[in-house]
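1. just need the structure, nothing else, for what follows:
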Amino acid sequence: MFARQKLYEGKAKIIYATDDPEILLAHFKDDATAFNAQKRGQIAGKGEMNCAISSHLFQHLESAGIATHWIDRPAPNELRVRSVQIIPLEVVVRNIAAGSLCQQTGLELGTVLPHPLVDFYYKNDALGDPLLTRDRLLLLQLATSEQVDQLQTLALQINQILSAFFQECNITLVDFKLEFGLANQGQLLLADEISPDTCRLWNQSETDPNLRILDKDRFRRDLGNIEAAYHEVMERVLAHAPQS
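-> Numbering: from 1, shown residues only. Predicted coordinates for the structure are as follows:
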């Protein structure tokens with residue numbers, strides 16, 4: 001039997017090698033972090049819930065023509081994924097003003113943006129994952145100009161697909177973070193995960209600004225009922241997911 005070799009451990013996942021160098025195993029943890037890991041904790045069952053949500057959303061995106069690193073889900077809290085070289089950028093798409101956008105611009109929480117906003121953040125904990133302009137991104141050679149254009153186009157396509165999907169789930173996709181990587185052949189693939197850890201999700205059946213939150217903001221802001229919120233998202237996503 002092939003012994004697992006840990007390649008990398010991040011805040012939410014452990015990446016293991018497999019007997020195929022082009023395939024990795026992503027193990028989803030119950031650990032929760034916020035504010036660049038200054039706040040730490042655990043959310044019971046988070047690993048399995050986020051793994052299930054991510055697996056189904058990757059499948060949905062694949063069926064819509066978006067290339068991802070997803071292969072399958074061999075265990076409740078594990079995904080088999082294609083090996084990619086992660087581009088050190090967090091691509092954030094915003095539909096409604098929340099979080100840092102409100103803090104940095106003065107926009108009122110809940111303001112619907114006239115068009116989706118795409119932001120690029122440098123994946124660098126030591127620097128605090130700063131927001132980058134296009135020129136700074138190119139200066140640091142984090143991606144080529146062509147790749148930046150492709151990332152923006154893909155992010156907006158993914159936003160359109162996921163917004164419609166979550167609308168069917170009676171959930172508003174407020175904003176979300178994406179990560180991309182390059183496969184061995186140079187193909188750009190959507191990577192990482194799509195879950196309540198990486199998305200702001202509001203329950204359309206709830207008007208209270210705190211009760212409507214179905215994502216990691218419940219952990220960030222000590223709102224309680226975190227596990228129940230994640231479970232609610234999972235149940236709605238699985239109910240509307242495409243047939244595998």
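2. run through the helices of the chain in chain order.
-> For the chain, applying DSSP state H gives helices covering 46-63, 100-105, 134-139, 145-168, 217-220, 226-240.
3. what sits up against the fifth one?
-> Taking contacts as Cβ atoms under 8 Å, 6 or more residues apart in numbering, the residues outside helix 217-220 that touch it are 32, 34-35, 39, 41, 43, 99, 200, 223-226, 229. No exception for glycine: its C-beta is placed from N, CA and C like everyone else's.
4. repeat that for 10 Å
-> Residues from elsewhere that reach helix 217-220 (Cβ atoms under 10 Å, 6 or more residues apart in numbering): 32-35, 39-43, 46, 98-99, 174, 196-197, 200-202, 210-211, 213, 223-230.
5. can you say which of these are buried?
-> 32-34, 43, 46, 98, 174, 196-197, 200-202, 213, 226, 229-230 (16 or more other Cβ atoms under 10 Å).
6. mind listing the strands for this protein?
-> Applying DSSP state E to the chain gives strands spanning 5-9, 13-17, 23-28, 31-34, 39-42, 70-75, 78-82, 85-86, 89-96, 112-122, 131-132, 171-182, 188-191, 199-203.
7. got the ones you listed as JSON lines, with distance to Leu57 and mean pLDDT columns?
-> Shown next, in JSON lines, are the strands of the chain (distance: least, Cβ to Cβ, whole Å; pLDDT from 0 to 100):
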{"stretch": "strand 5-9", "distance to Leu57": "22", "mean pLDDT": "92"}
{"stretch": "strand 13-17", "distance to Leu57": "16", "mean pLDDT": "95"}
{"stretch": "strand 23-28", "distance to Leu57": "14", "mean pLDDT": "97"}
{"stretch": "strand 31-34", "distance to Leu57": "20", "mean pLDDT": "79"}
{"stretch": "strand 39-42", "distance to Leu57": "23", "mean pLDDT": "81"}
{"stretch": "strand 70-75", "distance to Leu57": "9", "mean pLDDT": "97"}
{"stretch": "strand 78-82", "distance to Leu57": "11", "mean pLDDT": "97"}
{"stretch": "strand 85-86", "distance to Leu57": "19", "mean pLDDT": "95"}
{"stretch": "strand 89-96", "distance to Leu57": "14", "mean pLDDT": "98"}
{"stretch": "strand 112-122", "distance to Leu57": "18", "mean pLDDT": "98"}
{"stretch": "strand 131-132", "distance to Leu57": "25", "mean pLDDT": "98"}
{"stretch": "strand 171-182", "distance to Leu57": "10", "mean pLDDT": "98"}
{"stretch": "strand 188-191", "distance to Leu57": "10", "mean pLDDT": "98"}
{"stretch": "strand 199-203", "distance to Leu57": "9", "mean pLDDT": "98"}
